[in-house]
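Novice: here are the coordinates; sequence isn't available:
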């Protein structure tokens, strides 16, 4: 009995502040939903920086988007900080990001530590393409594998894919100069 208490006390000290998994090793996700959310967040960050950059310095005059990602209904500009209202493309991407996060929460994907090797190898391949192509490929993979289950998330995802396929769409034009998110 004393040895059991001693071993449990040592284990408690060794894992203090670390996440302990039932199997003792981190679990990796086979779902493309978190990957799609990462790519969308990357696009939102860079699109926001492009729209709010100071033409004289090229640097952003607005803080990058941080959690939570909110869609403001008012289109007022902040004269002091020089921010601009969100474009239709930015609102569309924010809606997609929020739908993907909602889907991931409902599926309990927060328990995973990272991506499986299968998902990572796919993401590495998409890093060699354009940003728009990367987003389209990840979203199509999530849909084709059945990872996206909710109807509203499927609708938003399919609308974004359709806009990416249309070279005249505002989303496609916005993403032409964006670099893809790099996975190494």
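Specialist: The structure has been received and is ready for your questions. Note that this is a predicted model, so its numbers are computed, not measured.
Novice: just the strands in this protein please.
Specialist: For the chain, strands defined by DSSP state E occupy the ranges 28-29, 114-115.
Novice: Please, where are all the helices along the chain?
Specialist: 2-14, 33-51, 88-106, 117-126, 131-144, 151-165, 170-174 (DSSP state H).
Novice: Without its sequence neighbours, what residue ends up closest to residue 42?
Specialist: residue 181 (4.2 Å; CB to CB, 6 or more residues apart in numbering). Quick note: C-beta positions are derived from backbone N, CA and C, even for glycine.
Novice: Now do residue 156 against residue 116, distance only.
Specialist: 25 Å (CB to CB, to the nearest Å).
Novice: ok, the two, which is more surrounded?
Specialist: Remark: of residue 156 and residue 116, residue 156 carries more neighbours, 21 against 14, as counted by other CB atoms under 10 Å.
Novice: what sits against that one?
Specialist: Residue 156 makes contact with 92, 95, 96, 99, according to CB atoms under 8 Å, 6 or more residues apart in numbering.
Novice: Let's see that with 6 Å instead.
Specialist: Counting by CB atoms under 6 Å, 6 or more residues apart in numbering, residue 156 touches 95, 96, 99.
Novice: now residue 137
Specialist: For residue 137, the contact set (CB under 6 Å, 6+ apart) comprises residue 126.
Novice: before we move on, back to that, which among the contacts of residue 156 gets closest to residue 163?
Specialist: Nearest to residue 163 among these, counting by CB to CB, is residue 96 at 10.3 Å.
Novice: Report the separation between the closest residue to residue 159 other than its chain neighbours and residue 161.
Specialist: Once flanking residues are discounted, residue 159 sits nearest to residue 92: 7.5 Å by CB to CB, 6+ apart. Residue 92 is 12 Å from residue 161, where distance means CB to CB.
Novice: Residue 137 now?
Specialist: 10 Å.
Novice: repeat for residue 121
Specialist: Distance of residue 121 to residue 161, computed by CB to CB: 22 Å.
Novice: Over to residue 139?
Specialist: Applying CB to CB, the value for residue 139 to residue 161 is 6 Å.
Novice: Give me the more crowded residue out of those two.
Specialist: Taking neighbours as other CB under 10 Å, residue 139 and residue 161 compare with residue 139 leading, 25 against 16.
Novice: was I right about residue 40 contacting residue 99?
Specialist: No - using CB atoms under 6 Å, residue 40 is not in contact with residue 99, being 9.6 Å away.
Novice: between these two, which one's more packed in?
Specialist: Each of residue 40 and residue 99 has its neighbours counted (other CB under 10 Å); residue 40 has more, 26 against 22.
Novice: Just the pLDDT for residue 21.
Specialist: Per-residue confidence (pLDDT) for residue 21: 51.
Novice: This completes my enquiry, with thanks.
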